[in-house]
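Chemist: Got a predicted structure plus its sequence, pasted below:
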Number of protein chains: 2
Amino acid sequence: MSDLIEQLEPQRRVVSLTQHAYEQIRRALISGSFRPGQKLTVRSVAAALDISQTPAREAIGRLVVEGGLDSTSTRSFVVPTIDREDLEEIYDLRILLEGRAAYFAAAHFGRHELASLAACQKALIAARAEGDVKEVLKLNEVFHFTIYRASGKQLLVAIIEGLWLRMGPVLNQLYPGFSDQTETLAFHADALRAIEQQDGEGLRAAIQNDLKSGHAFLSSSLR
Amino acid sequence: MSDLIEQLEPQRRVVSLTQHAYEQIRRALISGSFRPGQKLTVRSVAAALDISQTPAREAIGRLVVEGGLDSTSTRSFVVPTIDREDLEEIYDLRILLEGRAAYFAAAHFGRHELASLAACQKALIAARAEGDVKEVLKLNEVFHFTIYRASGKQLLVAIIEGLWLRMGPVLNQLYPGFSDQTETLAFHADALRAIEQQDGEGLRAAIQNDLKSGHAFLSSSLR
DNA sequence: ATTGGCTATGTGATATACCAAATATCGTAT
DNA sequence: ATACGATATTTGGTATATCACATAGCCAAT
């Protein structure tokens, strides 16, 4: 009897429309699908996702408190524009926090996770060779967060996600050049080596070097 | 003509009901007015604030994405319960980030801000003497955030606020003892001295010592 | 051609009705 | 008395109507 019960499917949890809309917009922001300054209206989001205004409005409101969207004092919502000062503060924190997550992750990596990380790096190299910028950015994200999540520090990872959320739109502006950077691959290789040796400080350094090179590129690109 | 225009009031901006509800609940959470495990329903919030369900629901949803409330898989919202592991991670990050904000703040303090900070400390001593725990917690918050905001790092301060949001409910559990701690006052005095001398490292140390003593207390209290 | 105002339209905010699912209540059968 | 099941109630989720305000476009008057 209990065997049968174990097998039964627990009735697929249909995620709420609000949650779905929230995740869709959030993902689009992180992946740089939106342009800074782009305007969003409740009705346009509702229409695009074929839902009513209530869940669309809730999703937008949630992103506003996270800083993923701005609520202009006038009546509309826009994708935030990042100025140089913002960029400096974001990268300061990214270097600090992502470095920290990487440090803790080194001790927790299993064989399986390391293998999937190596596969990710391989795919990233291939995507870059093909000039598939969208894919490069996506795989870069997977690479980094695979490491961060291995730290086991959920709160830390959540904060880092919030920083990527704010970064996303600038990638839209700049990613044709951003994804072309060659140093990234070398730093990722350093990271893989550090993980194999369970070298926390080495992993921290590799990740921080990766971020610093990205920062240098964006900083010079941003006028 | 332009003089007159300067003087005109820009028509006071009535904050939306959603925003108001959000701020009310958030403040209640940070100040420890809610008990961990306490249940919130959309209708009860709407009734308490005398608003309809829509803004109440939006306010709750926003706090859920911030981690200030939990959305139990079943249909209801609860004030999160913090376990020991959560507490450790929160304090790790608080010590890191609040220390950092304090460090940057030391260089930016003006005469005026220092005076108001000293006044805050004086009030805190008085409130503690009277055993007014609510007031002690409130003034302690003002003291800390006056420093953090002086750093000029808006994003950093926002992240720190998010950590206080998660801390709030445990204060409810424990604050009778928490607000009785005597070390806090000494560390605050250290902080004031460090600010006078524009000693960033000293200010960082003072704040971190304050947090560490609080952590030690909570950690031993939490079973 | 410029200025002023009127109108139409778009938009966020709120209230409310309704639904489905979860929970609570209560009665019945053994 | 206890366990089970049917019914009632609560509750979150969604859609929609309505309101107030902002913006844009247009027209007329000077």
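Modeler: Received, thanks. Bear in mind the structure is a predicted one, so any value in this text is a computation, not a measurement.
Chemist: could you dump stretch A:95-111 to PDB, C-alpha only?
Modeler: Extracted in PDB, the C-alpha atoms of stretch A:95-111 (Å, rounded to 0.1, in the frame of the first residue of the first chain):
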ATOM      1  CA  ILE A  95      34.200  41.000  -6.500                       C
ATOM      2  CA  LEU A  96      33.700  40.800  -2.800                       C
ATOM      3  CA  LEU A  97      30.700  38.500  -2.700                       C
ATOM      4  CA  GLU A  98      31.300  36.300  -5.700                       C
ATOM      5  CA  GLY A  99      34.800  35.900  -4.500                       C
ATOM      6  CA  ARG A 100      33.500  34.800  -1.100                       C
ATOM      7  CA  ALA A 101      31.000  32.300  -2.600                       C
ATOM      8  CA  ALA A 102      33.800  30.900  -4.800                       C
ATOM      9  CA  TYR A 103      36.100  30.500  -1.700                       C
ATOM     10  CA  PHE A 104      33.500  28.500   0.200                       C
ATOM     11  CA  ALA A 105      32.500  26.500  -2.900                       C
ATOM     12  CA  ALA A 106      35.900  24.900  -3.400                       C
ATOM     13  CA  ALA A 107      35.500  22.700  -0.400                       C
ATOM     14  CA  HIS A 108      32.100  21.400  -1.400                       C
ATOM     15  CA  PHE A 109      32.600  20.300  -5.000                       C
ATOM     16  CA  GLY A 110      31.800  16.700  -5.900                       C
ATOM     17  CA  ARG A 111      33.000  14.700  -8.900                       C
END
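Chemist: List the buried residues in that stretch.
Modeler: Within stretch A:95-111, the residues scored as buried using 16 or more other C-beta atoms under 10 Å in any protein chain shown are A:95-106, A:109. C-beta coordinates here come from the backbone N, C-alpha and C atoms, glycine included.
Chemist: The spatially most central residue of chain A - nearest residue in space that isn't next to it in sequence?
Modeler: With distances taken as C-alpha atoms, centre = their mean, residue A:164 lies nearest the centre of chain A, 4.7 Å away. Distances taken as C-beta to C-beta, 6 or more residues apart in numbering or on different chains put residue A:30 closest to residue A:164, at 5.3 Å, once the chain neighbours are dropped.
Chemist: wouldn't that neighbour be in contact with residue A:166 here?
Modeler: No. Applying C-beta atoms under 8 Å, one finds residue A:30 not in contact with residue A:166, separated by 9.3 Å.
Chemist: Report the separation between the residue lying closest to residue A:70 once chain neighbours are set aside and residue A:39.
Modeler: Nearest residue to residue A:70, sequence neighbours excluded (C-beta to C-beta, 6+ apart): residue A:80, at 4.7 Å. Separation of residue A:80 from residue A:39 (C-beta to C-beta, to the nearest Å): 12 Å.
Chemist: between these two, who's got more neighbours?
Modeler: Under the criterion of other C-beta atoms under 10 Å in any protein chain shown, the comparison of residue A:80 against residue A:39 puts residue A:80 first, with 22 against 11.
Chemist: circling back to that earlier point, the residue nearest to residue A:164: neighbouring residues, count only.
Modeler: 21.
Chemist: How about residue A:84?
Modeler: With other C-beta under 10 Å as criterion, residue A:84 counts 11.
Chemist: Thought residue A:218 was touching it, still the case?
Modeler: No. In this structure, residue A:84 is not within contact of residue A:218 by C-beta under 8 Å, at 9.6 Å.
Chemist: can you give me the helices in chain A?
Modeler: A:2-7, A:17-30, A:42-49, A:53-66, A:84-105, A:111-130, A:133-150, A:154-178, A:183-196, A:200-221 (DSSP state H).
Chemist: how about the residues of chain A that lie near DNA strand C?
Modeler: By C-beta under 7 Å from any atom of the strand, the residues of chain A that approach DNA strand C are A:11, A:40-44, A:53-54, A:57, A:61, A:71, A:75-77.
Chemist: try 6 Å
Modeler: Listed as neighbours of DNA strand C in chain A under the rule C-beta under 6 Å from any atom of the strand: A:41, A:42, A:43, A:54, A:57, A:75, A:76, A:77.
Chemist: Please list only the buried members of these.
Modeler: A:42, A:57, A:77.
Chemist: what's the closest of the residues you listed to DNA strand C?
Modeler: Distance to DNA strand C, by C-beta to the nearest atom of the strand, is smallest for residue A:42 among these, at 3.5 Å.
Chemist: gap between that closest one and residue A:196?
Modeler: Counting by C-beta to C-beta, the gap from residue A:42 to residue A:196 is 50 Å.
Chemist: Close to chain B: what parts of chain A are there?
Modeler: Applying C-beta under 8 Å from any C-beta of the partner chain, we find that chain A lies next to chain B at A:13, A:18, A:22, A:54, A:57-58, A:61-62, A:65-67, A:73, A:86, A:89-90, A:93, A:96, A:100, A:153-156, A:158-159, A:162, A:166.
Chemist: Going by neighbour count, which of the residues you listed are buried?
Modeler: For the residues of chain A next to chain B, buried by 16+ other C-beta under 10 Å: A:18, A:22, A:57-58, A:61-62, A:65-66, A:86, A:89-90, A:93, A:96, A:100, A:153, A:155-156, A:159, A:162, A:166.
Chemist: quick revisit: would TSV of the buried residues of stretch A:95-111 with pLDDT be doable?
Modeler: Shown next, in TSV, are these (pLDDT from 0 to 100):
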residue	pLDDT
A:95	98
A:96	98
A:97	98
A:98	98
A:99	98
A:100	98
A:101	98
A:102	98
A:103	98
A:104	98
A:105	97
A:106	95
A:109	93
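Chemist: Kindly reformat those as TSV containing distance to residue A:127.
Modeler: Rendered in TSV, the data for those read as follows (distance: C-beta to C-beta, whole Å):
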residue	distance to residue A:127
A:95	25
A:96	29
A:97	26
A:98	22
A:99	25
A:100	28
A:101	24
A:102	22
A:103	28
A:104	28
A:105	23
A:106	26
A:109	23
